[in-house]
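[1] Would you be able to build a 3D model of this:
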Amino acid sequence: MAASKKILFILTSHDQLGDTGKKTGWYAEEVAEPADILTKYGYEIVFASPKGGKAPLDPSSIEAAKDNKTVKDFLNDKNIIHKIDNTHKIEEFIGKESEFAAVVYPGGHGPMFDLEHNEAALKVTAAAYEAGKVVAAVCHGPIALTDVKLSDGTLLVQGKNVTGFSDDEERSSKLDHAIPTLLESKLKKIGAKYQKADEQWGVKVVTDGRIVTGQNPASAPGFGEAIHAAIQAQHK
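    This is a model prediction of the structure:
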């Protein structure tokens, strides 16, 4: 069977960073870098979010990537921004998981608030994985994998090698008190085999079969390449 050439990116709908008064949302680099790489490999990116419609962009991520040509080109691409301003609701893809080669969760702090327990996202992710698809998440995105339960009752990432934004990086950002839970701590608590780069903000991408995770914004390009590699590995 030929590989599907569509990939579902699930973005956050949440734009408030706890009680800090700051805005959050999806992180530019963690969407732009993997989307750019995967598009060059011939995949079509489809965007969804919990509420549908416009998915909020974390303003701090625009500033952080001001010298990144890939991100700038992505944010200036009217076709892409039109899609992100008109995301599908995640519910639309329940039962259609086999249409996609992968389900991808980019980071930003937004997912910590609205993708940890999102029923539609949990269903789509579990069904995609059980249909032999790749499931991938970067930075704060892996929070969306932590409650995914497979049909045999086991948690998707239990016993799996994964990474994600570290508790040390969260504390360095002084945002550990602004979010509902710490990602590294939760991954360890549910029995995932958490790994991280030797230094904060270092590149770390982990592939365990059809589960691909990246630690932070610096890991976004390698994360994109690893998604493609994991999809290819299913069709050899």
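[2] now stretch 202-219: mean pLDDT?
    Mean per-residue pLDDT for stretch 202-219: 98.
[3] what bridges to the residue nearest to the spatial centre of the chain?
    Ranked by distance to the mean C-alpha position of the chain (C-alpha atoms, centre = their mean), the top residue is residue 105 at 1.9 Å. The partner list for residue 105 in beta bridges (DSSP bridges) reads residue 137.
[4] what's the distance between it and residue 23?
    Residue 105 sits 20 Å away from residue 23, going by C-beta to C-beta, to the nearest Å. In this view, the C-beta of every residue, glycine as well, is placed from N, C-alpha and C.
[5] ditto for residue 175
    Applying C-beta to C-beta to residue 175 and residue 23 gives a distance of 13 Å.
[6] what residues are shared contacts of those two?
    By C-beta atoms under 8 Å, 6 or more residues apart in numbering, residue 175 and residue 23 have these common neighbours: residue 17.
[7] can you give me the strands in this structure?
    6-10, 44-49, 88-89, 102-105, 134-138, 161-162, 193-194, 205-208, 211-214 (DSSP state E).
[8] Export the ones you listed as a markdown table, with columns for distance to residue 121.
    Below are the strands of the chain laid out as a markdown table (distance: least, C-beta to C-beta, whole Å):
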| stretch | distance to residue 121 |
| --- | --- |
| strand 6-10 | 6 |
| strand 44-49 | 8 |
| strand 88-89 | 11 |
| strand 102-105 | 8 |
| strand 134-138 | 11 |
| strand 161-162 | 17 |
| strand 193-194 | 21 |
| strand 205-208 | 20 |
| strand 211-214 | 15 |
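[9] Out of those strands, which gets nearest to residue 126?
    strand 134-138 (8.9 Å; C-beta to C-beta).
[10] who's in contact with that closest one?
    Taking C-beta under 8 Å, 6+ apart as the rule, strand 134-138 contacts 30, 34, 101-107, 125, 128-129, 143-145, 148, 156, 164, 210-216, 219-220, 223, 226-227, 230-231, 234.
[11] mind running it again at 6 Å?
    30, 102-107, 125, 129, 145, 210-214, 223, 227, 230-231 (C-beta atoms under 6 Å, 6 or more residues apart in numbering).
[12] now swap in stretch 157-169 and tell me
    Contacts for stretch 157-169 (C-beta under 6 Å, 6+ apart): 139-140, 142, 145, 182-185, 187, 190-193, 195-196, 200, 204, 206, 208, 211, 213, 215-216.
[13] Please point out which parts of it sit buried.
    For stretch 157-169, a neighbour-count test (16 or more other C-beta atoms under 10 Å) marks 157, 160, 162, 163, 164, 165, 166, 167, 169 as buried.
[14] what separates the fifth one from residue 186, distance-wise?
    Which is residue 164. For residue 164 relative to residue 186 (C-beta to C-beta), the value is 9 Å.
[15] likewise residue 23?
    Residue 23 is 24 Å from residue 186, where distance means C-beta to C-beta.
[16] Which of these two has more residues huddled nearby?
    residue 186 (21 against 15; other C-beta atoms under 10 Å).
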